[in-house]
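A.B. asks: Prediction below, plus the sequence it came from.
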Amino acid sequence: MDTAAPTNGAAEVRELLSAERIAERVRELGRQITADYRGRSLVLLCVLKGSFVFTADLARAIDLPLSVEFLGVASYGDDTNSSGAVKITQDLSTSIEGKDVLLIEDIVDTGLTLAFLLRILQARGPASLEVCALLDKPSRRATEVVPRYVGFELGNEFVVGYGLDFAQRFRNLPFVGTVASGAQRVG
């Protein structure tokens, strides 16, 4: 569906992935993860802030014993391009040593943030460490990272909604879309 939707009167966002299409894909990912980790407990490691909606929906779609941890990182600020400098804004509250960990990302773009996270998390001694990304932009890779599970592959567009933001706005949209050209930045 390719429609423009009003967003609190501030700007228009063009829908790329509908709420229904996202929900179906999350259910598919949940079934695949359940099958792959059958017989094990799983730690879903939500990368804040953009992954919180995806993580919540994915957790409900996985039929396994699981726990959820949160890790805050920043690399975009209020810009549409990653600064390349990754900063931990909130660390884990429990150890992941010896645990099966599935890192949940909203989007993998250049791969720089993900590569950084995988290095620091691997050093903490998990039994396994894999990545599940809602969105993947392989054409933008600056470093070699490959998520094990991917919801959707995208081109080069800057996206918002379903937890993803632009300057902390649009996270509450139920779909993924792009801010319409000519829209004024607000906030």
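C.D. replies: Okay, I see it.
A.B. asks: helices or strands next to the longest helix seen in the chain in the packing?
C.D. replies: Longest helix in the chain, counting residues (DSSP state H): helix 19-36. Where contact means 3 or more CB pairs under 8 Å, 6 or more residues apart in numbering; DSSP states H and E, helix 19-36 is packed against helix 52-61, strand 128-136, strand 149-153. Where you see a C-beta, it was placed from the backbone N, CA and C, and this is true even at glycine.
A.B. asks: And those: which comes nearest Gln168?
C.D. replies: helix 52-61 (12.9 Å; CB to CB).
A.B. asks: same for the closest one, what does it pack against?
C.D. replies: Secondary-structure packing of helix 52-61 (3+ CB pairs under 8 Å, 6+ apart): helix 19-36, strand 42-48, strand 66-74, strand 100-108.
A.B. asks: and these, which is most packed in?
C.D. replies: Most buried of the helices and strands packed on helix 52-61 by mean neighbour count (mean count of other CB atoms under 10 Å) is strand 100-108; its value is a mean of 24.
A.B. asks: now the residue nearest the centre of the chain: how far from Ala127?
C.D. replies: Residue closest to the mean C-alpha point of the chain, counted by CA atoms, centre = their mean, is Asp106 at 1.1 Å. Going from Asp106 to Ala127 by CB to CB, to the nearest Å gives 25 Å.
A.B. asks: what do you get for Val159?
C.D. replies: Taking CB to CB, one finds Val159 at 33 Å from Ala127.
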